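Trainee: Curious how this folds, go ahead:
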Amino acid sequence: MARGKLRVLLGAAPGVGKTYAMLEEGARLAETGKTVVVALVETHDRTATAAMISGLEVIPRRSVSHRGILLTEMDLDAVLARRPDIALVDELAHTDAPGGRHEKRWEDVRELLDAGITVISTVNIQHIESLNDVVEQITGISQQETIPDAVLRAADQIEVVDLAPQSLRDRLAEGLVYPAARIDAALSNYFRLGNLTALRELALLWLADEVDTALQQYRREHGIDSKWEARERVVVALTGGAEGETLLRRGARIAARSAGGELLAVHVVSDDGLRERHPGALAEQRALVAKLDGSYHEVVGADIPAALVDFARAVNATQVVIGVSRRSRLLALLTGPGIGATVIRASGDIDVHIVSHSAAGSHPLVLPRSRGALSVRRRVYGFLLAIVVGPLLSWFLWLFRSPDALTSDVLAFQLLVIVVALVGGIWPALFAAVLSGFTLDFLFVEPLYTITIAQPVHLLALLLYVVGAALVSFVVDQAARRARDSQRSAAESDILATVAGGVIRGDDAVGALVQRTKEAFGLERVRLVAAEGSVLADDGQSGGAAGTVEPVGERATLELFGNELTASDRRVLSVIVAQLDAALEHAELSDTASELRPLAETDRVRSALLAAVGHDLRRPLASATAAVTSLRSHDVKLSAPDRDALLATAAESLAGLESLVTNLLDVSRVQAGVLGVSLRRVDVDDVLQAALEELDTAPGRVVLDIPDQSPAVLADPVLLQRVFVNLLANALRFSSPVSPPRLGVSAFGDHVEVRVADDGPGVPDERKQSVFQPFQREGDADNSTGIGLGLALSKGFVEGMGGTLSPEDTPGGGLTMVVSLRVFSHGHRKGDDGSSPATEQGGSR
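Mentor: From the prediction side, this is the model:
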C-alpha cells in the first residue's frame, strides 16, 4: 500500500486564511472526482470558514469528557474506516484530549498517512518547536503546543498562506477573526503591526531554509558540486582597521539584494599581525554587525588568507568582501602579493570583492609573521630576491665597471644583502652575502674571472662584508621574533577580551565560554562534561576522540577536538578554564539561591495573613458576644423577629470565627514550614470553576469570558482559589442584579491576566492603592463583609506566587481587579520567583 502524502499550509499568525485555503483546496479536489472528507476543522465561529464546509463530507467527531468539560476530537477510527482519498485535518500541532490513541494530532495524521490517506493540514509558525523561543521573544507569549521540526520537514509539500500584516489587522478589526470583546486586546498585543511583520518574515525565512535544505539534498543526490547561488551568504573580513565600517555596509548592501541574504563578519586572530591593533574600532564594528542583523565570528589561523577562505567555505559563503591593501606600493613590491591577491587565488567559485577605502595605502602594516620569527613565505621571497636581483645587479655593475668603482660595487651588494635580510631574514641574507662575495671576487677583484684574491686587503674587505651582512640579518631576525611575541600577546588579549565579553553579554555563561573557546583556537568541537558524566555544553561536531582534555576544577572536564594546542595556546586555555570554573560555581550558587526563594514567599504570605486577622478577630467576636448577651438578658423582652435577628448575627459571626481559626491554623503551618507556597503548573479555568462552586453562584450570576485554550500558570492552586473566591465575592457584593460581574482570562506576553470586573461605585484613583492597606473596607457597616481576608490577603497570596494584583476602572463605571500570573514553562523549577519585593499587606474591600 502506497503511503499517503502530507501537505501543510503554514501561516504566520491566526486569521491569515489557512483553514479557508485548506477547505477551498478540498472543494477543488472533490470536483476532480477525489473522495475528500473533513476529518476535523476548527472554524472559530468565522462565518466565511464555516460556509466553505458545505458541500464536503464531514466525519462526526468523537466526544471526550475531561475534568467535567465535554471536548470533541477527531474520530481517527471513523476516518480510517471511511478510507477517503484526502482528509482535511486542521491545527496539526494540537494536543489531543486524554483518552485517545495518541497524545498529539500529528501522530493521528501519521497513522492516516500510513494507511495510504493523503492529508492536508494547517499549522502556525509559532507552533514550530525550533522557533518557539524566537516567537516568544517577538510576541512575549510562550506556546504550549508545538510540533517537532522533523515532523513538519517530512511533509511532502509545505505552502505559506501569506497575508500582509496591515490586511490581517483590518480583518481583525472587522470582526472576521475574533469576537468583538477580544478585538481591542488582540490589536494592542499579539497582533501589533511589528509582531505580525516579524512573524511573517520568520515564516518566509523558515520556508526558505526548508527549500534550501531540499536543494542541497537534490545536489547531493545528483552529484552537483558547482555553486548554485540560491541565497547570498556574504562574509566580510574585518581587521580592526578604520575601513571595517565601510566593508560592513557594503557587505550588508550585497546581502540585501537577494531575499534571505545573510551577513557574516569574521575577524582572524593570529600571531602574525594581520592588522594594527585597534580594539576600540573592532568593538564598534561588532556593534554595527548586530545593527545590520549580521553575525560576528572570530577564528584563529596562522595563514590569514587560508583561514578566511576556510571559514567562507565552512559557512557556504557565496561572496567575500575584503578591503584593498593598506600597504604602500614600495612595500607591496618588496613583499609580493598581499592577502587580497592570495584570497582571490584560493577562493575558487566564491566571488571576492576588494573594496577601496580612505585608509588604502595611507600607511604600511607590520610585515606578516607566522610560526617562526619570519614566515616560510617571507624566507622563500628572500631567497628568490637574492637569486633574481643578485645576477641582475652583477650584470648592471659589470657594464659600468672600472678600477675605481670597487667601493661602490661593494656598497651596492651590501644594500642587496640588507634588503634580502629585511624581506627573508638571516638565512636568505647569509646566502646573498656569500653569493655576492663570490660575485665580487669573480667579476670585480683582480685577477678577474677567478676565485682568487691577489691582495690581502681585498680578502679582509670581503670577510668584513660577509660578517656585516650576517650581523644585519641577525638583527632583523631578532626584531621579527620580538615583534612576533608582542603580537602573540596582543592576540591572546583579544581572545580573552572576546571570551569575557561573550560571557558578559550572554545569558548562558558556560555556553558562551565553550563557543568562544572553539572559535578562538579554530577547533572542530569543544565539549564540557560534568564530573558525573552529563554534558553541560557542546559546540561543534567531531567523530574522533578528544585531542586535549583539561580539568575544570572538580566539577567538570573540558574536551577539545581538532588541532593540537601550542604552549602559548595552553596558557590562554588555562585562563578560559578558570572562567569556566567560576561560571559553574556561579550557576551552583544561583541554584542554591533559587531553593531559598520559597522561604521569602512563605514570609510574605504569613505577613499578609497576620496583618489581616488582627482586625477580623475582634469584629465577629464582639458581634457574637453582643448577640448572645442580649439573648440571655432578662431585662429586655425580645420579640420573635428580634430574637431571630440576634441568632442570625451570632451564627454569622461564629461562622466567621470558624473561617478565621482555619486561617490561623494555616499561619501556624506557615511558621512551621509545613504550609508554604507550592508553585506548580495550574490551569486557571479549573481553579475558577472551583471558586465559583465554593461561592455557590447561580447560573448567570457571573458572566464568563474564558478562551477554549489558555496557557497554564505557575501558581499555588489552593492560594489562587482563595484569591478568586475573595475577588468574586467582592464583585458580587458591589454589582447590581441586572448587571452581573464579568470574569475574563487573557494571555499577554509571558503572563496570564484574570480580570474580575463589577459595575459598582468603583474606587477613586487616589484610593486605589489604599484598598490594600490594613483595616480598609468599602461599606464597613454590616457584618456580612466576610472574614476580612479581603484584598490585603489576596495581594499577599498573589505576590507570594510571583504575580501582581492591581485595580483598574471598569469602562462605564465600577472596579476591575486584575490578577497577573506568570505563564508556566518547562524551564520553571519549584521555587522560581520573579515577583517584586515584598510590601506591607492589609485589609479588604
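Trainee: Would you confirm that Ala470 belongs to a strand?
Mentor: No - according to DSSP: H, G, I helix; E, B strand; the rest coil, Ala470 belongs to no strand; its state is helix.
Trainee: Following element in sequence after the lowest-mean-pLDDT helix or strand in the chain, please.
Mentor: Every helix and strand of the chain was ranked by mean pLDDT, DSSP states H and E. The lowest is helix 329-335, at a mean of 51. Where DSSP states H and E defines the elements, the next helix or strand beyond helix 329-335 is helix 339-346.
Trainee: so where's the stretch 151-300 of the chain uncertain?
Mentor: 212-231, 259-260, 270-280 (pLDDT under 70).
Trainee: Check the secondary structure at Asp538 for me.
Mentor: Asp538 ends up strand, using three-state DSSP.
Trainee: Which residue is the nearest non-sequential neighbour of it?
Mentor: Take Asp538 and drop its neighbours on the chain: the residue closest to it by C-beta to C-beta, 6 or more residues apart in numbering is Arg527, 4.6 Å away. Bear in mind the C-beta positions are built from the backbone N, C-alpha and C, glycine included.
Trainee: Wait, a strand at the one you found?
Mentor: Yes - counting by three-state DSSP, Arg527 is part of a strand.
Trainee: give me every residue that touches it.
Mentor: Counting by C-beta atoms under 8 Å, 6 or more residues apart in numbering, Arg527 touches Val514, Val535, Ala537, Asp538, Asp539, Ala546, Leu558, Glu559, Phe561.
Trainee: Tell me the buried residues within these.
Mentor: Val514, Ala537, Asp539, Ala546, Leu558, Glu559, Phe561 (16 or more other C-beta atoms under 10 Å).
Trainee: can I get the contacts of Arg527 in CSV with distance to Arg379 and pLDDT?
Mentor: Shown next, in CSV, are the contacts of Arg527 (distance: C-beta to C-beta, whole Å; pLDDT from 0 to 100):
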residue, distance to Arg379, pLDDT
Val514, 38, 82
Val535, 45, 86
Ala537, 42, 85
Asp538, 41, 86
Asp539, 37, 82
Ala546, 35, 70
Leu558, 37, 88
Glu559, 37, 87
Phe561, 32, 85
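Trainee: In CSV, list the residues you listed along with distance to Ala27.
Mentor: Formatted as CSV, these follow (distance: C-beta to C-beta, whole Å):
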residue, distance to Ala27
Val514, 54
Val535, 51
Ala537, 52
Asp538, 50
Asp539, 50
Ala546, 60
Leu558, 60
Glu559, 58
Phe561, 56
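Trainee: ranges for the helices of the stretch 701-845 of the chain?
Mentor: 717-734, 790-800 (DSSP state H, counting those that start in this stretch).
Trainee: Please could you give me each C-alpha atom of the last one, formatted as PDB?
Mentor: Included here for helix 790-800 are C-alpha records, laid out as PDB according to Å, rounded to 0.1, in the frame of the first residue of the first chain:
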ATOM      1  CA  GLY A 790     -10.000  40.700  51.500                       C
ATOM      2  CA  LEU A 791      -7.700  42.400  49.100                       C
ATOM      3  CA  ALA A 792      -4.800  42.600  51.600                       C
ATOM      4  CA  LEU A 793      -4.600  38.900  51.900                       C
ATOM      5  CA  SER A 794      -5.300  38.300  48.300                       C
ATOM      6  CA  LYS A 795      -2.500  40.700  47.300                       C
ATOM      7  CA  GLY A 796      -0.100  38.900  49.700                       C
ATOM      8  CA  PHE A 797      -1.100  35.500  48.200                       C
ATOM      9  CA  VAL A 798      -0.700  36.700  44.600                       C
ATOM     10  CA  GLU A 799       2.700  38.300  45.200                       C
ATOM     11  CA  GLY A 800       3.800  35.200  47.100                       C
END
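Trainee: name the helices or strands packed onto that helix?
Mentor: Applying 3 or more C-beta pairs under 8 Å, 6 or more residues apart in numbering; DSSP states H and E, one finds that helix 790-800 makes contact with helix 567-632, helix 717-734, strand 804-809, strand 815-822.
Trainee: re the thing from before, so of the helices of the stretch 701-845 of the chain, which one's packed in deepest?
Mentor: Greatest average neighbour count among the helices of the stretch 701-845 of the chain goes to helix 790-800 (a mean of 27), per mean count of other C-beta atoms under 10 Å.
Trainee: Kindly state the beta-bridge partners for the residue nearest to Asp538.
Mentor: Asp538, Glu559 (DSSP bridges).
Trainee: which ones are touching His127?
Mentor: Counting by C-beta under 8 Å, 6+ apart, His127 makes contact with Leu92, Ala93, Gln143, Glu145, Thr146, Ile147.
Trainee: Return the entry from those residues with the maximum number of neighbours.
Mentor: Leu92 (25 neighbours; other C-beta atoms under 10 Å).
Trainee: Next, it: secondary structure please.
Mentor: Assignment for Leu92 (three-state DSSP): coil.
Trainee: In this structure it contacts Ser121, no?
Mentor: Yes - counting by C-beta atoms under 8 Å, Leu92 does reach Ser121; the two are 4.2 Å apart.
Trainee: Please enumerate the shared neighbours of the two.
Mentor: Val8, Val109.
Trainee: now the contacts of His127 in a markdown table, with pLDDT?
Mentor: Listed next are the contacts of His127 as a markdown table, based on pLDDT from 0 to 100:
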| residue | pLDDT |
| --- | --- |
| Leu92 | 91 |
| Ala93 | 89 |
| Gln143 | 78 |
| Glu145 | 84 |
| Thr146 | 86 |
| Ile147 | 89 |
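Trainee: now for those, which pair is the farthest apart?
Mentor: For the contacts of His127, the farthest-apart pair by C-beta to C-beta is Leu92 and Gln143; their separation is 13.3 Å.
Trainee: quick one, what contacts Ser148?
Mentor: For residue 148 the amino acid is Pro, not Ser. Pro148 neighbours (C-beta under 8 Å, 6+ apart): Glu129.
Trainee: Repeat that for the one 4 residues further on.
Mentor: For Leu152, the residues meeting the contact criterion (C-beta under 8 Å, 6+ apart) are Val8, Leu92, Val123, Ile128, Ile158.
Trainee: Got a quick PyMOL command for the buried subset of those residues?
Mentor: This is the PyMOL syntax for the buried subset of the contacts of Leu152, where burial follows 16+ other C-beta under 10 Å:
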select buried, resi 8+92+123+128+158
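Trainee: Can you convert the buried ones among the contacts of Arg527 into TSV and add a column each for distance to Leu207?
Mentor: Output for the buried ones among the contacts of Arg527, formatted as TSV (distance: C-beta to C-beta, whole Å):
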residue	distance to Leu207
Val514	31
Ala537	31
Asp539	27
Ala546	38
Leu558	39
Glu559	37
Phe561	34
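Trainee: which of those residues lies closest to Lys768?
Mentor: Ala537 (48.0 Å).
Trainee: Would you quantify the distance from the closest one to Ala306?
Mentor: Per C-beta to C-beta, to the nearest Å, Ala537 is found 29 Å from Ala306.
Trainee: and which of the contacts of His127 is nearest Leu821?
Mentor: Gln143 (17.3 Å).
Trainee: now the closest one, what's its secondary structure?
Mentor: Assignment for Gln143 (three-state DSSP): coil.
Trainee: thinking it is in contact with Gln126, fair?
Mentor: Yes - judged on C-beta under 8 Å, Gln143 makes contact with Gln126 at a distance of 4.9 Å.
Trainee: what residues do these two have in common as contacts?
Mentor: Common contact partners of Gln143 and Gln126 (C-beta under 8 Å, 6+ apart): Asn132, Val135.
Trainee: So Val119 lies in a strand, does it not?
Mentor: Yes - remark: Val119 belongs to a strand, assigned using three-state DSSP.
Trainee: I'd say it and Leu6 touch.
Mentor: Yes - if you go by C-beta under 8 Å, Val119 and Leu6 touch, sitting 5.3 Å apart.
Trainee: what's the overlap in contacts for those two?
Mentor: Val109, Leu113.
Trainee: The residue lying closest to Phe444 once chain neighbours are set aside in helix, strand or coil?
Mentor: Using C-beta to C-beta, 6+ apart and skipping the chain neighbours, the partner closest in space to Phe444 is Asp409 (5.1 Å). Look at Asp409: counting by three-state DSSP, its state is helix.
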